[in-house]
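Engineer: have a look; sequence and predicted model below, questions after that.
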Amino acid sequence: MAEYPIVDLMAIGAHPDDVEVGCGGLLVKMAQRGYRTGLVYLTRGEMGTGGTPEIRQQEAKDAAEILGAKILAMLDFGDCRVMDNFENRLTVAQLIRRHKPKIILAPYWQGGHGKRQGHPDHLATGQIAIYAANYATFRKLPIDEQPHTIKAMFHYFLPPEASPTFVVDITEQYETWKKALSAHKSQFLNPNKDKDYMWSLESMARSYGGIIGAKYGQGYVIGEPMKIEDVFCLIGTCGKVPEI
């Protein structure tokens, strides 16, 4: 059986650049702390206004290097055609088994009518990730590698009506995050596009940062309750017993 690199955190997105937008700052921060991260894209981004699949693949590789990711997997479920079905769940479940992440980051699985956060590919990717993580634990499904159970899944691309469960301070990682975003020149630095995407993403990061008293942040939702042994871990003092 082939050996595959193990990651601590796997970020799953629909299109090349989704992961950078939704959790790039967090990925930089975790890589800087020594955690192994990996990126998985379900499409080649062929329906994007800018770039070609080949250009976007190279941009994704450049961005992954900036983020410090250990793996980059690009699937071909079809841009604007991503469906939550049995076959796609199995494909992603196999990647989960191969790379054995403890944490998965995936798009929020619900979205309001007509909102950008409600892109059908984003919603389907979130749903696929949820079910694939479940499938990865089933022994009798036709999936290579041994069953694997993740510890948690966190969701990005939150719609305006969804309050984040937690926000990560990415102030020190902001400039590196911007470099990773800028690697996607066809999307964010394209003179043929009217929208200033970099300004929009900075504004969002400032908004999330303001919630926690930081300059820049990225927000996430936890889909189900988590087991906590030490509540002081939630405030950054895990394992530090006060002196008497």
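Structural biologist: Happy to help now that I have it.
Engineer: residue 176 - that's part of a helix, no?
Structural biologist: Yes - with DSSP: H, G, I helix; E, B strand; the rest coil as the criterion, residue 176 is assigned to a helix.
Engineer: quick check: end-to-end length of stretch 219-239?
Structural biologist: Using Cα to Cα, to the nearest Å, one end of stretch 219-239 lies 25 Å from the other.
Engineer: then stretch 207-215?
Structural biologist: One end of stretch 207-215 sits 9 Å from the other (Cα to Cα).
Engineer: against which helices or strands is the lowest-mean-pLDDT helix or strand in the chain packed?
Structural biologist: Taking mean pLDDT, DSSP states H and E as the measure, the chain has helix 185-188 as its least confident helix or strand, at a mean of 88. If contacts are counted by 3 or more Cβ pairs under 8 Å, 6 or more residues apart in numbering; DSSP states H and E, helix 185-188 sits against helix 53-67, helix 197-211. For glycine as for every other residue, the C-beta is placed from the backbone atoms N, C-alpha and C.
Engineer: residues of the last one that come out buried?
Structural biologist: Pointing back at helix 197-211 there. When burial is assessed from 16 or more other Cβ atoms under 10 Å, helix 197-211 yields the following buried residues: 197, 201, 202, 204, 205, 208, 209.
Engineer: next secondary structure after it?
Structural biologist: As assigned by DSSP states H and E, the chain's next helix or strand after helix 197-211 is strand 217-222.
Engineer: starting from that next one, tell me which strands it pairs with and how they run.
Structural biologist: Next to strand 217-222 in the sheet, as set by DSSP bridges, lie strand 152-156 (antiparallel), strand 166-169 (antiparallel).
Engineer: name the SS class of the closest residue to residue 92 other than its chain neighbours, please.
Structural biologist: In this structure, residue 92 finds its nearest non-sequential neighbour in residue 132, 3.7 Å apart by Cβ to Cβ, 6 or more residues apart in numbering. What three-state DSSP gives for residue 132 is helix.
Engineer: how many other residues sit next to residue 132?
Structural biologist: Applying other Cβ atoms under 10 Å, we find 25 other residues in the vicinity of residue 132.
Engineer: now do the same contact list for it.
Structural biologist: Applying Cβ atoms under 8 Å, 6 or more residues apart in numbering to residue 132 gives the contacts 88, 89, 90, 91, 92, 93, 95, 96.
Engineer: which of the residues you listed sit farthest apart?
Structural biologist: Pairwise distances across the contacts of residue 132 peak at 12.8 Å for 88 and 96 (criterion: Cβ to Cβ).
Engineer: more neighbours, those two?
Structural biologist: More neighbours surround residue 96 than the other of residue 88 and residue 96, with 26 against 20 (other Cβ under 10 Å).
Engineer: the more buried one and residue 10 touch, don't they?
Structural biologist: Yes - Residue 96 is within contact range of residue 10, at 7.0 Å (criterion: Cβ atoms under 8 Å).
Engineer: what sits in contact with each of the two?
Structural biologist: With Cβ under 8 Å, 6+ apart, residue 96 and residue 10 have common neighbours residue 104.
Engineer: mind listing what's buried along the helix or strand that contains residue 126?
Structural biologist: Element membership of residue 126, judged by DSSP H and E, is helix 120-135. If you call a residue buried by 16+ other Cβ under 10 Å, then helix 120-135 has these buried ones: 121-133, 135.
Engineer: now pLDDT too, for those residues, in TSV please.
Structural biologist: As requested, those are exported to TSV (pLDDT from 0 to 100):
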residue	pLDDT
121	95
122	94
123	94
124	96
125	98
126	97
127	97
128	98
129	98
130	98
131	98
132	98
133	98
135	98
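Engineer: tabulate those residues (JSON lines), appending distance to residue 84.
Structural biologist: Conversion of these to JSON lines gives the following (distance: Cβ to Cβ, whole Å):
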{"residue": "121", "distance to residue 84": "11"}
{"residue": "122", "distance to residue 84": "12"}
{"residue": "123", "distance to residue 84": "9"}
{"residue": "124", "distance to residue 84": "5"}
{"residue": "125", "distance to residue 84": "8"}
{"residue": "126", "distance to residue 84": "9"}
{"residue": "127", "distance to residue 84": "4"}
{"residue": "128", "distance to residue 84": "5"}
{"residue": "129", "distance to residue 84": "10"}
{"residue": "130", "distance to residue 84": "9"}
{"residue": "131", "distance to residue 84": "7"}
{"residue": "132", "distance to residue 84": "9"}
{"residue": "133", "distance to residue 84": "13"}
{"residue": "135", "distance to residue 84": "12"}
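Engineer: lovely, talk soon.
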